[in-house]
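Predicted model, plus sequence, below.
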Amino acid sequence: MTHSVPLSTLEPRQSGRILDLDEANPNTLRLAELGLVTGNHVEVLRRAPLGDPIHISVMRHELCLRLHDARSVLVEPVSPES
C-alpha cells in the first residue's frame, strides 16, 4: 500500500514521487505544465521564513509554490537511500 502525503508536509531536503494532483485546485493545469505530474520526482529545497512559499525542484527546474498549491500535490515520500 502506498503512503501519500501532501507535498506541503515535506521538510527541506525531503523528496517524493508525485502520485496525484487535486483536480479541485484551479491551478492544477498550470502545476502540470510546470512538471508536477504523476510519476515525477520532487524535492523540497527550502521554505520561506514563515513557511510560505516553498522552494522545490522538479525535472531539474526550481520553482516556488504557495502552500495552497503544494497541498494539492500528493506525493509518496522517498527515503534518502532510494
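That came in fine, so what should we check first?

Which parts of the protein are helices?
For the chain, the helices defined by DSSP state H cover 28-33, 67-70.

out of those helices, which comes closest to S8?
Among those, the nearest to S8 by C-beta to C-beta is helix 67-70 (3.8 Å). (C-beta placed from N, C-alpha, C; glycine too.)

rewinding a little: looking at the helices of the chain, which is buried most?
Most buried of those, by mean neighbour count (mean count of other C-beta atoms under 10 Å): helix 67-70, with a mean of 19.

Give me the contacts around that helix.
P6, L7, S8, N25, N27, L31, G51, D52, P53, I54, I56 (C-beta atoms under 8 Å, 6 or more residues apart in numbering).

Put the buried members of the residues you listed into a PyMOL selection.
Applied in PyMOL, the following selects the buried portion of the contacts of helix 67-70 according to 16 or more other C-beta atoms under 10 Å:
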select buried, resi 7+8+27+31+53+54+56
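
Which residue in the contacts of helix 67-70 has the weakest pLDDT?
Minimum pLDDT across those is recorded for G51, with 85.

my guess is T38 contacts L31, does it?
No: the criterion here is C-beta atoms under 8 Å, and T38 misses it with L31 at 11.5 Å.
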